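Asks: What follows is a predicted structure for the sequence shown.
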Amino acid sequence: MSKKILAIGGSAREDSISKKVLNAFKSHKGDDIEFIVADISRLPIFNQDLESPEPEYLIDWKEQINNADAILFITPEYNRSIPAALKNALDWASRPYGKNVWIGKPAAIAGYSPSLLGAFGAVQDLRKVAAFLGMSIMSQPEFYLAQAHTKFDENGNLIDSSTEEYIINFWKAFRIWIDKVK
Ligand code: FNR
């Protein structure tokens, strides 16, 4: 049966590596995968005064998560953790208390960085938050794309065959993981 994957990138900037990694994942998805890219950049900074009654943007955001069979996070690292925009999107959909929509979602995390560490710190922090929120996170294979800026051409196309293989294998495992969790 086909699966809807909600892909959440951690950076919204125009020329982001995030968009290139998202596109690389999209182009290697199976035919039975519907790949929806979330836009988390329009959510305001979380403020508990705004969570109830649920504003329209929160209803929309939660609906996107509810409609997804699984979540794929593509994250850079900001100061050894996840970007504030990503944490903000996670926090919003966990509220109001008792109405967290992340519970039970199969999820996978891919980190990337221009540095040699491949966003290791961000991926570990995201695992911790996602586990707390009740997501079932695929633990293997891990995905840390180091020196990520060197893996794409000037048009944003993936040009590195080992990264391509890495993504294909990651998808295979994630597809199995989704069926296992559901
Ligand atoms: C960074 N960057 C970064 N890189 C890293 O490997 N570890 C880190 O802790 C940080 N910290 C950090 C903080 C802030 C505020 C910024 C703006 C950047 C560099 C980061 O990996 C790089 O800018 C990526 O290109 C960001 O991803 P996008 O926007 O290209 O998708």
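Replies: Perfect, thanks for sending it.
Asks: only C-alpha atoms for contact and neighbour calcs from this point on.
Replies: Noted.
Asks: Check the average confidence over the longest helix anywhere in the chain, would you?
Replies: Longest among the helix segments of the chain by residue count, using DSSP state H, is helix 161-181. The average of the pLDDT scores along helix 161-181 is 98.
Asks: now stretch 89-97
Replies: For stretch 89-97, mean pLDDT is 98.
Asks: contacts for it?
Replies: 40, 43, 46, 51-52, 54, 58, 61-62, 99-102, 133 (Cα atoms under 8 Å, 6 or more residues apart in numbering).
Asks: Let's see that with 7 Å instead.
Replies: I40, F46, E51, S52, L58, K62, N100, V101, W102 (Cα atoms under 7 Å, 6 or more residues apart in numbering).
Asks: And it, end to end?
Replies: The first and last residues of stretch 89-97 sit 15 Å apart, counting by Cα to Cα, to the nearest Å.
Asks: what comes up buried for it?
Replies: Of the residues in stretch 89-97, A89, L90, D91, W92, A93, S94, R95 count as buried by neighbour count, 16 or more other Cα atoms under 10 Å.
Asks: ok, I45 to E51 distance?
Replies: In this structure, I45 and E51 are 11 Å apart, going by Cα to Cα.
Asks: would you list every one of the strands in the chain?
Replies: Across the chain, reading from the start of the chain, the strands by DSSP state E fall at 3-9, 33-37, 70-75, 106-112, 136-137, 144-145.
Asks: so who does L126 touch?
Replies: Contacts for L126 (Cα under 7 Å, 6+ apart) come out as I82.
Asks: partners of the spatially most central residue of the chain in the sheet?
Replies: Among the residues of the chain, the one closest to the centroid is F73, at 1.3 Å (Cα atoms, centre = their mean). Bridge pairing for F73 (DSSP bridges) gives the partners I8, I109.
Asks: correct me, but it touches I8?
Replies: Yes - proximity of F73 to I8 meets the contact threshold set by Cα atoms under 7 Å, at 4.9 Å.
Asks: now for the longest helix of the chain, which elements pack on it?
Replies: Packed against helix 161-181 by the contact rule (3 or more Cα pairs under 7 Å, 6 or more residues apart in numbering; DSSP states H and E) you find strand 106-112.
Asks: and if we set it to 8 Å?
Replies: Helix 161-181 sits against helix 17-27, strand 106-112, with contacts defined as 3 or more Cα pairs under 8 Å, 6 or more residues apart in numbering; DSSP states H and E.
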